[in-house]
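J.: turn this into a structure:
(chains A, B, C and D)
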Protein chains: 4
Amino acid sequence: MPMMKAAVFVEPGRIVLDDKPIPDVGPLDALVRVTTTTICGTDVHILKGEYPVARGLTIGHEPVGVIEKLGSAVKGYREGQRVIAGAITPSGWSNACQCGFCAQDGAGTAQGWKPLGGWRFGNTIDGCQAEYVLVPDAMFNLAPVPDGLSDEQVLMCPDIMSTGFAGAESAKIRIGDSVAVFAQGPIGLCATAGAKLSGASLVIGVDRVPERLEMARRLGADVVIDFSRQDPVQEILRLTGGRGVDASIEALGTQGTFEAALRCLRPGGTLSSLGVYSTDLKIPLDAFAAGLGDHRIVTSLCPGGKERMRRLMAVIEAGRVDLGAMVTHRFRLDDIEAAYELFSHQRDGVLKVAITP
Amino acid sequence: MPMMKAAVFVEPGRIVLDDKPIPDVGPLDALVRVTTTTICGTDVHILKGEYPVARGLTIGHEPVGVIEKLGSAVKGYREGQRVIAGAITPSGWSNACQCGFCAQDGAGTAQGWKPLGGWRFGNTIDGCQAEYVLVPDAMFNLAPVPDGLSDEQVLMCPDIMSTGFAGAESAKIRIGDSVAVFAQGPIGLCATAGAKLSGASLVIGVDRVPERLEMARRLGADVVIDFSRQDPVQEILRLTGGRGVDASIEALGTQGTFEAALRCLRPGGTLSSLGVYSTDLKIPLDAFAAGLGDHRIVTSLCPGGKERMRRLMAVIEAGRVDLGAMVTHRFRLDDIEAAYELFSHQRDGVLKVAITP
Amino acid sequence: MPMMKAAVFVEPGRIVLDDKPIPDVGPLDALVRVTTTTICGTDVHILKGEYPVARGLTIGHEPVGVIEKLGSAVKGYREGQRVIAGAITPSGWSNACQCGFCAQDGAGTAQGWKPLGGWRFGNTIDGCQAEYVLVPDAMFNLAPVPDGLSDEQVLMCPDIMSTGFAGAESAKIRIGDSVAVFAQGPIGLCATAGAKLSGASLVIGVDRVPERLEMARRLGADVVIDFSRQDPVQEILRLTGGRGVDASIEALGTQGTFEAALRCLRPGGTLSSLGVYSTDLKIPLDAFAAGLGDHRIVTSLCPGGKERMRRLMAVIEAGRVDLGAMVTHRFRLDDIEAAYELFSHQRDGVLKVAITP
Amino acid sequence: MPMMKAAVFVEPGRIVLDDKPIPDVGPLDALVRVTTTTICGTDVHILKGEYPVARGLTIGHEPVGVIEKLGSAVKGYREGQRVIAGAITPSGWSNACQCGFCAQDGAGTAQGWKPLGGWRFGNTIDGCQAEYVLVPDAMFNLAPVPDGLSDEQVLMCPDIMSTGFAGAESAKIRIGDSVAVFAQGPIGLCATAGAKLSGASLVIGVDRVPERLEMARRLGADVVIDFSRQDPVQEILRLTGGRGVDASIEALGTQGTFEAALRCLRPGGTLSSLGVYSTDLKIPLDAFAAGLGDHRIVTSLCPGGKERMRRLMAVIEAGRVDLGAMVTHRFRLDDIEAAYELFSHQRDGVLKVAITP
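T.: Below is the predicted model of the structure:
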């Protein structure tokens, strides 16, 4: 039985590199040899035991690689082809998918809906921090990488870019809108880029880490606010002449950012939430105009599927945004434990790491 | 100076019938002789001092009447014409109005947005529980009543029907959707009717008052749930085979109904909120899928304007819904203090009262 | 090799009942024993040679039946289950499907888009006017029939109802809209029902056959216009006080109905086109306000997929509409040639026929 | 009676500079002293007699100026303020306006809708190729110019930019879309800029004038096609791998561009039409997939109103696009006849002229 290296969840606090068998390929699967992958904030939640997964599971949901072997029923691809797959790998055929909610894919359930059901890599099936990953429902999920794009250029597509851009898309940003983005970690930075790309005429990035604020400027923020020096809500109101922004994007997952994102909205504005929360949320009565402000609060989980990946890579290929600059550190798969160490403690100005098996 | 009778807010706990001068008519105004009006739950909040208004203000925001006098610049109407105006009477020209948020009309403010700014009657200007009411921006707000419709048939259009239907519209109900409506007071009943009218194939009404549940059935509920006998969330999940409803409408304004409306949603579902809340709201982490469920929470304030009124009256004229049945009690304006007494204590199965000067 | 009866296209003018082998079942397929099917106007186009298909192809795209055998990879169904499938049976995984255009499914093409590609039954693969039909991509397409619904009650779901309702949906009908539907054949009648179900307050049905106008009234038309007696455009303008309708639906596929549907629109109105045209279309300059009228012309091909079918059956189950009344004639599969004879000549007031193997 | 200079339509072929009285200011009006204006292609249609207007009318609908005098009922502005108004100056209160179709403003009509009714300047009331222009419904229409923006920087906002951007907006461009824009005159160039600003990853500009193709590249086209050298439909299909573009924008108003814009679409694509047509249009059957391709054809008339102007100026202020470069020639109002001579013959590479009284 041929074996491979894989980063495996052992118990809270321990993800280790281990040997696992290279998986068998079912009729609708594709086996992909991973050439580059990365670590996500969600993986750190798993490491810390804050998000429970099965012991022994391979972690990671952002694969760039090469098709090693195609399932017997998979058509339209060839072995040796460079591909990516989304962090979310839906079946494509559930009722949820048919309603446009692929991330809530309920394939196999009675009604066809399951919260977060489309997220399988490193959650319910083995992920891609490994030498090989099995991509389910390959014809729905495998997107060929255009020639001329490097692994690192497309490494953000599977999750960070798809999620961040979804924050802007769900906010239904119109040309000329003003938008505030709370937190400029990898997802917030992509939301910032997505807001600008959607036609916003004022994009405001909020964080406190200078490198992140600087990166926010590079990716599209017209103004940045260091919340450790200024009250962001007051500053946003000032910047908009007292009106508030048309849309705000929450990209951290805390009560503070959620509440600030609500308070800086104009009446009728949209709060687009991307963060993974770990506590109940409070909606303050005054910020909510007692329910009479025509507010909208929308949440988005990372959209997946090959068409999504194709579009995101087209954006990169056209030079609309350069997310490769977000890769601040590089590790071999053999050193992934060190990568987790660095990334989970946010040391050395890390934004994203590239892991190469 | 000609005088009229008007129901005036004196202090918390006291709305009294008093004499006031019939107002002068500015160039864009219309003076309307009120033939029928009603009392709203919001008026009861005012009475109780829970929603502050100026002492001496005439209360009421649901006018049916006859044009007595037109402002010098008002064209397209004639004196003697039967009309209604919405509870919300926007200017039509503010930035908020031009963005489609007439209820947040900021006419006169620096940026053109103001929370709840479109609500003027009985809030920032004299209302219509009086013999006469001055309708501002008459050309935006006055809608002629079609021949053949009685006062009571159109009495719900200005507020209750416009608000309740907005709950269904903001939920973006599609043909074949399942919808739960929490609370079957006047607004919830209209939301129930609006959900059915929007093509929902399963409309579930939740309340505990038998008369209201019975009225819910008449107006479009396929199933009603008495929440004092059954847990509505569990019952809704059962009715939908475990999936949850596509949309839920909150029509009361409490943590309990808000939370239940969230818990009974499928992933990707929409909570459309109409209630006026009086406390901070809590979003439970589990009901919100930690922010990853593609949920939407939208709030709506009563849409106003003559085109809205025209459309609602067209719905009534076509026989699509009969809201006249919601008028359970009738009073003379002279007896309005008794009407408040009955309505504010929800005595005698009251749904809506008709007040005739 | 077990054999079955099937209605086969031989050459223009000839569809005959013939013997064919019962097909083998691939891993993603389901073999369905047809219990009821019908003939569509499109089948008549095929019969007449106006729409080309391969000789020897089994015709028909509206199956109601029972699962006889499931492919090896198909989960979530059981043999013996009553099901329908849409006329359009998309793969679910093409780029077109992932963009929400399942009817233009380009599974297997380089870019993933193909005009009409989702329509396979009786077009590119054997159809269902037969004892058995092989349903491709079964997990995407098979929808269980709710207990209590008869074959004839759901017989319109696969095509007629899905298409007609799509005409109303694509028109984005809002509560209180006025809508005109041109032609009250089976699809137009469903569009009429769909328009009412979407909240239109004035639904106008246009045709000249008295039985069809009568059926239009039963299914939701408030007013019917016999175009052989009245100019429909003038009458619609009169009914709307000179404004025109908010939306019009074309359900025949001729220049005359297309043009009338455009002429009766208000500025900013939507022409929702369902017809299959056989000639170039002309947009008259005046009817189009020289391109400055904010008009929209949208076309829709029948939406497919199991979720669509589930929703349509839910509408029927809830009693919102009764399309079973459209079945005017019944035939055994053995007599399908007579059924074609009747249906293709529109004899005897036929609307839809039920064919039972 | 104080007099002013104004460019007046005399008869087909003759627009002359003449003396007219400075108009009186009604209660809702504002008198604006024009500091810069321009000539539009529509004005050339008027000059040639192809679009009829009253003899003696002042032409021009793109004003930049300074408030000279405010009507008695106008609040929120001050005399001396720099402002623009849209080419379309709606009332704000008609039923059409309340439905979001301000360009079809039917103020004063029985039903409240009138094709092109929002276009008043230089069409139904005196326009702005004059020393002074009277702006109707000033509170709806006057937008203050931000400090730091020059007249020429905002000169495109009233018409060209608003119209061109509307072409992109009506096409509902999503991040990653491919878009083709047919004709790169001033409106087409703005549509090109608008498409890029909306997130398109491939913007294709089609024209044959080298200067226009060069300007298209500057404003956002990734690829330009000289249709005199290449068949644009074939080239667009090649560029999209055979799929066709997600959206195409027609910005000329001819059968040729309309048809090409349809032929280069993928199934389910949107043709967004901006051109003013002068003949009936033909929709070829094959390009329209016989009505079964899920195509959308949408037309847009220039959106107006102060909020629209505010947003467009915000886009310019943020540096998202520089349309000032489109001003290729400058004239004094005294020389406007020479400006018409140049502009109407498209001499000397003219794109837009700036006229200063």
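J.: so what pLDDT did A:A325 get?
T.: Per-residue confidence (pLDDT) for A:A325: 89.
J.: break chain A into its domains for me.
T.: Domain assignment for chain A, taken from automatic domain parsing, gives A:3-86+A:121-156+A:323-356, A:161-299.
J.: wait, which of those is closest to chain B?
T.: domain A:161-299 (3.6 Å; Cβ to the nearest Cβ). C-beta: built from backbone N, CA, C; applies to glycine.
J.: tally of neighbours for A:G76?
T.: A:G76 is flanked by 17 other residues according to other Cβ atoms under 10 Å in any protein chain shown.
J.: is it fair to say it lies in a strand?
T.: No. Assessed by DSSP: H, G, I helix; E, B strand; the rest coil, A:G76 does not belong to a strand; its assignment is coil.
J.: can you redo the domains of chain A as a markdown table with distance to C:G188?
T.: Listed next are the domains of chain A as a markdown table, based on distance: least, Cβ to Cβ, whole Å:
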| stretch | distance to C:G188 |
| --- | --- |
| domain A:3-86+A:121-156+A:323-356 | 36 |
| domain A:161-299 | 34 |
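J.: wait, which of those domains is closest to chain D?
T.: Of the domains of chain A, nearest to chain D by Cβ to the nearest Cβ is domain A:161-299, at 3.0 Å.
J.: quote the end-to-end distance of the closest one.
T.: 16 Å (Cα to Cα, to the nearest Å).
J.: coming back round to it: which one of the domains of chain A is the most hemmed in?
T.: domain A:161-299 (a mean of 23; mean count of other Cβ atoms under 10 Å in any protein chain shown).
J.: that one close to chain C?
T.: No. Using Cβ under 8 Å from any Cβ of the partner chain, we find that domain A:161-299 stays clear of chain C, coming within 12.9 Å at best.
J.: grab the nearest non-local neighbour of the residue lying farthest from the centre of chain A.
T.: Here chain A reaches farthest from its C-alpha mean at A:M1, the gap being 34.0 Å by Cα atoms, centre = their mean. The spatial neighbour of A:M1 that comes closest, neighbours along the chain excluded (Cβ to Cβ, 6 or more residues apart in numbering or on different chains), is A:P21 at 4.9 Å.
J.: list phi and psi for that neighbour.
T.: Backbone torsions of A:P21, given as degrees, to the nearest 10, read phi -70, psi 140.
J.: what does stretch A:320-327 contact?
T.: A:38, A:150, A:152-153, A:155-156, A:160-161, A:186, A:189-190, A:193, A:197, A:215, A:218-220, A:315-316, A:351-354, D:199, D:201 (Cβ atoms under 8 Å, 6 or more residues apart in numbering or on different chains).
J.: helix or strand: which one has the residue lying closest to A:V223 once chain neighbours are set aside?
T.: Of all residues not flanking A:V223 in the chain, A:I204 sits nearest, at 4.9 Å (Cβ to Cβ, 6+ apart). Using DSSP states H and E, A:I204 maps to strand A:202-207.
J.: does the helix or strand that comes right after that strand come close to chain D?
T.: Once the chain leaves strand A:202-207, the next helix or strand it forms, by DSSP H and E, is helix A:210-219. No. Against chain D, helix A:210-219 shows no contacts by Cβ under 8 Å from any Cβ, the least distance being 13.4 Å.
J.: so for helix A:210-219, what's the average pLDDT?
T.: For helix A:210-219, mean pLDDT is 97.
J.: so where's chain A uncertain?
T.: Within chain A, no range satisfies pLDDT under 70.
J.: residue boundaries of the helices in it?
T.: Ranges of helices in chain A, per DSSP state H, are A:41-47, A:95-98, A:138-141, A:151-154, A:162-170, A:186-197, A:210-219, A:232-239, A:255-263, A:306-317, A:336-344.
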